[in-house]
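Undergrad: build me a structure from this.
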Amino acid sequence: MAQNLLIELQGVAKSFQAADGTARSVLEAVDFTLAEGEIVALLGKSGSGKSTLLRIMAGLIPADHGKVAYRQRPIHGPVVGIAMVFQSFALFPWLTVQQNVELGLEAQGVPADEREKRADAVLEMIGLAGFGGALPRELSGGMKQRVGIARALVTNPDILLMDEAFSALDVLTGETLRNDMLELWDGDKIPTKGILIVSHNIEEAVMMADRIIILASDPGRIRDEIQIDLPRPRNADALEVRALIDEVYGLMTQRPVQETIAGAPTAAHLGYRLPHTDIGRIEGVLDLLADAPFDGHADLPKLAEESELADEELFPTYEALGLLGLAHVDKGDITLTSLGQHYVDADQARKQEIFGQQLLTHVPLAAHIRRNLEAESNGTLPEKRFLELLEEFMDAVEAKHVLEVVIEWGRYGEVYDYDYHTGRLTLPEDSEI
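TA: Numbers count the residues shown, from 1 in each chain. Below is the predicted model of the structure:
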C-alpha cells in the first residue's frame, strides 16, 4: 500500500506565535494519508486548522513537528506535483484568462508555445473555450473559479488541493462546477491521482468524497473518519446518501465531554472562539424551529433545507443556541429547551433580558468585559484592551471577529454599550442585569 500513498502525515503539529509571544497550537498529532484514486473531504469548524493543514501539504508553510511526505519524499517547500485551488479565486485582474492559466507553467519554465497549447486544452476541458482573452472582471463568479481550477489543472498535478473552492459561489453554480469536476475525475479526463477538499458543506462532502475526515478544534486534530463506498454519481435524495448526511451532521455537532454541562456547551475560558453568527440568524433559526412543521424539534439536514442557509452559516448558529442554553443539539437533531421556547414566546424586552442573562452566565468573555467596566469609575474602557487579551489565544484576525461577536451579543442583551466612533465599551445607563 505504501507505494500508492500520495501524501503521508505522521504526528504533524503546528503552532503560531500569539501577541504575547507564546506559542498557540493550531494542529496537534495529525496522522493522515491520501492514497491514489481517492477524494478526501476535510470538515471542521473554525479553528480546526483545515486550511493550515492544506498549506502544509502544499509545502507553503512548514510543520513544526512530525513527518510530511509526498510519494515518500519529505516536503520542504512547494511541490511541483501538488496544485491548490483557493476560495477567493486568486486571479490577477490585469491578466487575461489565458495569462492567468499559464502562470504556473511559466513559473516552471515551460516554453510559450507549449504553455499556450496546454492552456487552450484545459480551458476547453473546463468549459471556458473562447474566453482566453477575457479579463477577470468580465467573468461571473463561477467562471472565475473555473479559471482557478484550470490554472491548477494545466500543470497536470498528481494532487489537487481545494480550499473551500465552491463556497463563494451560489448554490446552483457551485453544484454545477462540482459535478463538472467529478465528471473529469471519474471519467479519467485529468491525470490527477488524488483530490483533497476542505469544505463546510456536508452534502458536498458526501456527494464527492470517498472518505470524510472531521477535525476537532483548538488545536486541530482528527476526531472522526467516515469511509464512503457508494458509487458516483450519487443521488442526493437516495436513502443511503441522506443517511450519510445525517451521520456526518451528528458527528459535526457532537461535543467532547469536557465541553458539555447539563447538555449545553460552556465557553470554558476567555479565549473560546465564539461562533461567527449574528442575532438575526440566531432568532431566525429559533423561530423556524419553534414553528410547524418542526414544533421545537428538527433533524438538522431538514432544518438546513427549510432555512435555505448554508452549513457554514448554520453550524455557528447551532453552536450559539447551545452555548446560550436556548436549544440542545445532539446526534444530528436540534431541540428547543424550555428556556428557548420561553424566549420565542417572549416580547422584545424580555428576549433581550434573557439573552443578556444567558450571555453573562455562559460566555466568560462577556462576563469579563462587564466586570472590568463595573470596576472603572467612569464605566468605560477601550476595545483594544480586550482585543489584546484575545490575541493571547488566537491570531489578530480571529480575535477581531470574536470581539465583534461578543460586542454585538452584549449590546443586544444590554450587558454593555459600544461606540463605533471611539472604539470604547461602556456600561449601559440603566442596567439591572
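Undergrad: quick one: low-confidence residue ranges for the stretch 251-400 of the chain.
TA: Screening the stretch 251-400 of the chain residue by residue with the criterion pLDDT under 70, one finds the ranges 255-268.
Undergrad: the helices in it, which residues?
TA: Ranges of helices in the stretch 251-400 of the chain, per DSSP state H, counting those that start in this stretch, are 279-290, 300-307, 311-323, 338-345, 348-362, 364-375, 383-390, 396-412.
Undergrad: so which of those helices gets nearest G148?
TA: With distances scored as Cβ to Cβ, the stretch of the helices of the stretch 251-400 of the chain nearest to G148 is helix 311-323 (19.2 Å). In this view, the C-beta of every residue, glycine as well, is placed from N, C-alpha and C.
Undergrad: quick one: that closest one to helix 279-290, angle?
TA: Taking axes from the mean of the first three to the mean of the last three Cα atoms, to 10 degrees, helix 311-323 and helix 279-290 form an angle of 80 degrees between their directions.
Undergrad: can I get helix 311-323 in PDB, CA atoms only?
TA: As requested, C-alpha coordinates have been extracted for helix 311-323 and formatted as PDB (Å, rounded to 0.1, in the frame of the first residue of the first chain):
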ATOM      1  CA  ASP A 311     -23.900  24.800   6.600                       C
ATOM      2  CA  GLU A 312     -21.200  27.400   7.200                       C
ATOM      3  CA  GLU A 313     -23.900  29.800   8.400                       C
ATOM      4  CA  LEU A 314     -26.000  27.200  10.300                       C
ATOM      5  CA  PHE A 315     -23.300  25.500  12.300                       C
ATOM      6  CA  PRO A 316     -22.100  28.600  14.100                       C
ATOM      7  CA  THR A 317     -25.800  29.400  14.800                       C
ATOM      8  CA  TYR A 318     -26.400  25.900  16.300                       C
ATOM      9  CA  GLU A 319     -23.400  26.300  18.400                       C
ATOM     10  CA  ALA A 320     -24.600  29.700  19.700                       C
ATOM     11  CA  LEU A 321     -28.000  28.300  20.500                       C
ATOM     12  CA  GLY A 322     -26.500  25.500  22.500                       C
ATOM     13  CA  LEU A 323     -24.000  27.900  24.100                       C
END
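Undergrad: average pLDDT for stretch 186-195?
TA: Looking at stretch 186-195 alone, the average pLDDT works out to 90.
Undergrad: and the end-to-end length of that stretch?
TA: Between the opening and closing residues of stretch 186-195 lies a distance of 12 Å (Cα to Cα, to the nearest Å).
Undergrad: repeat that for stretch 150-160.
TA: First-to-last distance for stretch 150-160 - Cα to Cα - comes to 11 Å.
Undergrad: coming back round to it: out of the helices of the stretch 251-400 of the chain, nearest to L161?
TA: The minimum distance between L161 and those falls on helix 311-323, with 18.8 Å, by Cβ to Cβ.
Undergrad: which parts of that closest one are buried?
TA: For helix 311-323, the neighbour count (16 or more other Cβ atoms under 10 Å) marks 311, 313-323 as buried.
Undergrad: cool, and stretch 57-69?
TA: 57-60, 63, 66, 68-69.
Undergrad: inside strands: which ones of the residues you listed?
TA: Members of the buried residues of stretch 57-69 lying in strands (criterion: DSSP state E): 66, 68-69.
Undergrad: which of those residues lies closest to D218?
TA: Using Cβ to Cβ, G66 is the member of those that sits closest to D218, with 18.4 Å.
Undergrad: cool, thanks, signing off.
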